[in-house]
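Chemist: structure, please.
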Amino acid sequence: MIKITKILIGLVAAFLLFVVVDEYIGEYRDAYNEELTSMESHDGEEVMVEIPKDSSVKDIAAILHEEGLIRFERAFVKRLQDSQYRGKLRSGTFKLHKGMNTLEMMEIMAQEDEDSKVLKQLVIPEGYTVDMIAAKCQEEGICSKTDFVNAVKSVTATDFDYLADVPSGSNVRYKLEGYLFPATYDITKNTTAVDLVRMMLNAFEAYYTAEMKDKATEKGLTSFQVLTMASIVEREAKLPEERPKIASVLYNRINTDMLLQVDSSVFYAVTDGRYDIDELSSADLSTDSPYNTYVYKGLPAGPICNPGLACITAVLYPDDTNYYYFYLVDEEKGEHVFSETLDDHYNAMIGGTDTNGDGKPDIEPGQSFEDNNAADDVWSNQTDD
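Modeler: Numbers count the residues shown, from 1 in each chain. Sure thing, here's the model as predicted:
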């Protein structure tokens, strides 16, 4: 009898617990669904909420929960994903109150104030230099050339870890040359030159992935050296399929101690990074500049422009070739002929014009028939002084 009584008591207790739990779950589900779907609002305590820049949706939900504005973070996230405010919540300080439904909160946090409204978009093409970007900013009324250049000079290696790859004491025109990622940037009323430079550096950090860093390390290169090579590819290549081939020529010349002899490095030197002339003279090829790869060994002093992702990728994953030369055969299309030997390179140029009557096509700036095996250290221009 006692045993039966205990069993009955246990069953009653289990039933009561089930009822309590079921009721709790039901209340929880109702409250969750209420917060997920409610369109009602009432008066409540005002709360000033600070949403930091670059906060994720989950971060925002956690902040609202901590401030007592919502109970269920998951309900907020789900409702946002299914609403017209998805992807539109902004950072900043917002005045909300505890009687609002979550859709009303989203509406307030998605509203664009005048200061954060995008006024225009600045398009920075691949291959632009610091000075070219500065000129474009002035032309489009974003900031003066001087302000942009000063903003570039104001950034130090402590601001972005990857800038530590720029060799100390290096004789570069700008330490940020190469790192200002070409892309489209939103310009607001309050965008300053410093803001713009930092946006570009943040974009580089986002696009230069851990995989790319590992590949560069595997090749024994720093980001600075990768960008220097990629900047040459950017200025020399016109056709996408030729980028890895041109990168292979650079590697092949470096590995056999040949001078690089790329015209774009001379253009950078003689135009102060503006690329505002069409041709080089013979005197230009002798310009005493650490960027002149006809005069100095190894890579130029630093990047000669700001390369895009495709050219960076070409340097990290070059074609496997035996090419040492390339010659522009179609200026309009940007098509090159690639050669393994000097004789093949010469033959590719046979279609040139013979104006001096020696039976050979004229040698244009950047074209050499002589092998140059003089470099003792192909990375000499990239080491610390």
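
Chemist: could you look up the SS state of residue 346?
Modeler: Following DSSP: H, G, I helix; E, B strand; the rest coil, residue 346 is assigned to helix.

Chemist: now it: how far from residue 270?
Modeler: Applying CB to CB, to the nearest Å, the value for residue 346 to residue 270 is 27 Å. (C-beta placed from N, C-alpha, C; glycine too.)

Chemist: do the same with residue 278
Modeler: Distance, residue 278 to residue 270, by CB to CB: 12 Å.

Chemist: which one of the two is surrounded by more residues?
Modeler: residue 270 (18 against 6; other CB atoms under 10 Å).

Chemist: so who does the more buried one touch?
Modeler: Residue 270 makes contact with 277, 280, 284, 287, 289 under the criterion CB atoms under 8 Å, 6 or more residues apart in numbering.

Chemist: excluding chain neighbours, what is closest to residue 335?
Modeler: Nearest residue to residue 335, sequence neighbours excluded (CB to CB, 6 or more residues apart in numbering): residue 329, at 5.7 Å.

Chemist: ok, the one you found touching residue 337?
Modeler: Yes. Using CB atoms under 8 Å, residue 329 is in contact with residue 337, at 5.1 Å.

Chemist: where do the contact lists of the two overlap?
Modeler: Joint contacts of residue 329 and residue 337 (CB under 8 Å, 6+ apart) are residue 348.

Chemist: what residues does stretch 235-244 touch?
Modeler: Residues outside stretch 235-244 that contact it (CB under 8 Å, 6+ apart) are 127, 233, 246, 262-264, 267-268, 275, 304-305, 310-311, 314, 317-319, 326, 333-336.

Chemist: about what we covered before: in which helix or strand would I find the residue nearest to residue 335?
Modeler: Using DSSP states H and E, residue 329 maps to strand 325-330.

Chemist: likewise for residue 47?
Modeler: Assessed by DSSP H and E, residue 47 sits inside strand 46-51.

Chemist: partner strands of that strand, with direction?
Modeler: Within its sheet, and counting by DSSP bridges, strand 46-51 is paired with strand 92-97 (antiparallel).

Chemist: quick one: the strand it pairs with to chain centroid distance?
Modeler: Distance, stretch centre to chain centre, for strand 92-97: 32 Å (CA atoms, centre = their mean, to the nearest Å).

Chemist: what comes up buried for that strand?
Modeler: Of all the residues in strand 92-97, those buried under the rule 16 or more other CB atoms under 10 Å are 94, 96.

Chemist: that strand: what's the following helix or strand?
Modeler: Strand 92-97 is succeeded, C-terminally, by helix 102-110 (DSSP H and E).

Chemist: quick one: strands adjacent to the helix or strand that comes right after that following helix?
Modeler: Sequence-wise, the next helix or strand downstream of helix 102-110 (DSSP H and E) is strand 118-123. Here strand 118-123 is paired, per DSSP bridges, with strand 184-188 (antiparallel).

Chemist: where does residue 242 sit relative to residue 179, distance-wise?
Modeler: In this view, residue 242 and residue 179 are 24 Å apart by CB to CB.

Chemist: if you count what's nearby, which of those two comes out ahead?
Modeler: Between residue 242 and residue 179, counted using other CB under 10 Å, residue 179 has the larger neighbour count: 28 against 20.

Chemist: run a quick neighbour tally on the closest residue to that one other than its chain neighbours.
Modeler: Take residue 179 and drop its neighbours on the chain: the residue closest to it by CB to CB, 6+ apart is residue 204, 5.2 Å away. Neighbour count of residue 204, defined by other CB under 10 Å: 22.

Chemist: ok, back up a step: relative orientation of the strand holding residue 47 and helix 102-110 in degrees?
Modeler: For strand 46-51 against helix 102-110, the angle by axes from the mean of the first three to the mean of the last three CA atoms, to 10 degrees is 60 degrees.

Chemist: just the CA trace of strand 46-51, in PDB.
Modeler: What follows is strand 46-51, C-alpha atoms only, in PDB (Å, rounded to 0.1, in the frame of the first residue of the first chain):
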ATOM      1  CA  GLU A  46      13.400  56.300 -22.700                       C
ATOM      2  CA  VAL A  47      16.800  54.800 -23.300                       C
ATOM      3  CA  MET A  48      19.800  56.300 -25.200                       C
ATOM      4  CA  VAL A  49      21.500  53.500 -27.100                       C
ATOM      5  CA  GLU A  50      25.000  53.700 -28.500                       C
ATOM      6  CA  ILE A  51      25.600  51.300 -31.500                       C
END
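
Chemist: buried residues of the next helix or strand after that strand, list them for me.
Modeler: Remark: after strand 46-51, the chain's next helix or strand is helix 57-66, criterion DSSP H and E. Buried residues in helix 57-66, counted by 16+ other CB under 10 Å: 60-64.
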